[in-house]
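Visitor: sequence first, then the predicted structure, then my questions.
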Amino acid sequence: MAERDDDVALSLAELFALARKVLVHHGVSAAHADAIARVITQGQRDECHSHGLYRLPGCVRSVRSGKVDPHAQPMLRDVAPGVLAVDAHYGFSLLAFETGLPVLAEKARAQGIAAMAINRCFHFSALWPEVEAIAALGLVGLAMNPSHSWVAPAGGTRGVFGTNPIAFAWPRAKGHPFVFDFATSAIARGDIELHARDGKPIPPHWAIDRDGQPTTDARAALEGAMQTFGGHKGSALAAMVELLAGALIGDLTSMESQAFDDGAGASPCHGELVIAIDPTRFSGAEEEVGQARAERLFEAIVDQGARLPSQRRFEARERSERDGVRVPRKLYNDVMKLFD
Ligand code: NDP
Ligand code: PYC
């Protein structure tokens, strides 16, 4: 492990081992610790700083709160030919996703399209690892979930929606899939937290303070309400996520998740909706035509100097796989204190 004053260098294997050890130290089962450490490592590797190692203290806080069952065994329920439900039993979401994925893929191949509802899960992670895992099976992936009611509707001043991410992946014959993954708030809350940690100002369109005024103070933003991206459009998408990944699948909205937490400070607890589509079932013999059409679309984007979503991440991944990652010393110290 090489060190500089301001950060600590770790190989991806060292990072995974550290995250796993912390979790096991706190009584998290090996299966959950593996699933969580994998995703935390992927987040740091792809330089998604709000959803990499920074999430580990939050996982430990969730376990310490007593709300999460760190040994929960996800249970699968075959609801219909195209619908699978996975009850996470108040464990973290990631093991539930991993457990359900093969059955979801099987159903999507059989039906052309299939949905997986993950219920009663504690959720802290980015969604791109999940839709990328679906694309790696040759399927189109879509995922979404609520969180806590930190985000005001467009035109309002009080939190109603979660930061409600939507992620999409389109498998490509060569190279990385086309992937996007974004919060329907102007920015993930994790990013505002990182600005607050570092004492940095935020852009005024990210949040309003307690008095409903735009603020550049990250702490005031955390105490006020976040804004949706794209005004009323992001607001409508955020509502859609509450409906599809909450009301529809028999699980909590972000307001209910916040109430369930009751100040404990655990990760949000709610459901997640994951959809997989088999392109071969939709286009049959025409699949290659569809793929070629998609490639022409991507070319038309990059040929004019614009970039595809996730391109930054894929470049970061290549760097990290070669050189390892650097973790801010303050975060590294916070992680080491989790062994106290
Ligand atoms: P960003 O705004 O950073 O990025 C959103 C997407 O847009 C990414 O796919 C990104 O690709 C892409 N993108 C960014 N800039 C450009 C550009 N100039 N041209 C083309 N594409 C671009 O993400 P958010 O802050 O909205 O969300 C960050 C993460 O937080 C997500 O992974 C999300 O899943 C997670 N999250 C999780 C929640 C949960 O409840 N579990 C709640 C909210 C968020 P790239 O990465 O390559 O820049
Ligand atoms: O960054 O908004 C966020 C978030 C919420 C839950 C996990 N990440």
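Guide: Sure thing, it's come through. Ligands and ions are numbered 1, 2, ... in the order given.

Visitor: the helices in this structure, which residues?
Guide: Assigned by DSSP state H, the chain shows helices spanning 12-25, 30-45, 55-64, 93-111, 128-135, 189-198, 218-223, 232-242, 254-261, 279-283, 287-302, 311-323, 329-337.

Visitor: so can I have JSON lines of these showing distance to residue 171, mean neighbour count and mean pLDDT?
Guide: C-betas here are computed from N, CA, C, even on glycine. JSON lines is the format used below for those (distance: least, CB to CB, whole Å; neighbours: other CB atoms under 10 Å; pLDDT from 0 to 100):
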{"stretch": "helix 12-25", "distance to residue 171": "24", "mean neighbour count": "18", "mean pLDDT": "98"}
{"stretch": "helix 30-45", "distance to residue 171": "18", "mean neighbour count": "22", "mean pLDDT": "98"}
{"stretch": "helix 55-64", "distance to residue 171": "27", "mean neighbour count": "20", "mean pLDDT": "98"}
{"stretch": "helix 93-111", "distance to residue 171": "12", "mean neighbour count": "21", "mean pLDDT": "98"}
{"stretch": "helix 128-135", "distance to residue 171": "4", "mean neighbour count": "24", "mean pLDDT": "98"}
{"stretch": "helix 189-198", "distance to residue 171": "28", "mean neighbour count": "18", "mean pLDDT": "98"}
{"stretch": "helix 218-223", "distance to residue 171": "37", "mean neighbour count": "19", "mean pLDDT": "98"}
{"stretch": "helix 232-242", "distance to residue 171": "23", "mean neighbour count": "19", "mean pLDDT": "98"}
{"stretch": "helix 254-261", "distance to residue 171": "31", "mean neighbour count": "19", "mean pLDDT": "98"}
{"stretch": "helix 279-283", "distance to residue 171": "7", "mean neighbour count": "15", "mean pLDDT": "92"}
{"stretch": "helix 287-302", "distance to residue 171": "9", "mean neighbour count": "12", "mean pLDDT": "95"}
{"stretch": "helix 311-323", "distance to residue 171": "14", "mean neighbour count": "14", "mean pLDDT": "98"}
{"stretch": "helix 329-337", "distance to residue 171": "34", "mean neighbour count": "15", "mean pLDDT": "97"}
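
Visitor: what pairs with residue 141 across the strands?
Guide: On the basis of DSSP bridges, residue 141 is bridged to residue 169, residue 276.

Visitor: for it, give me its contacts.
Guide: The contact partners of residue 141, by CB atoms under 8 Å, 6 or more residues apart in numbering, come to 130-135, 167-169, 274-277.

Visitor: near ligand 2, which residues of the stretch 101-250 of the chain?
Guide: Listed as neighbours of ligand 2 in the stretch 101-250 of the chain under the rule CB under 6 Å from any ligand atom: 124, 147, 163, 183, 188-190.

Visitor: can you do 5 Å?
Guide: Counting by CB under 5 Å from any ligand atom, the positions of the stretch 101-250 of the chain adjacent to ligand 2 are 124, 147, 163, 188-190.

Visitor: follow-up on the earlier one: residue 39: which of the contacts of residue 141 is nearest?
Guide: The closest of those to residue 39 turns out to be residue 130 (CB to CB; 8.8 Å).
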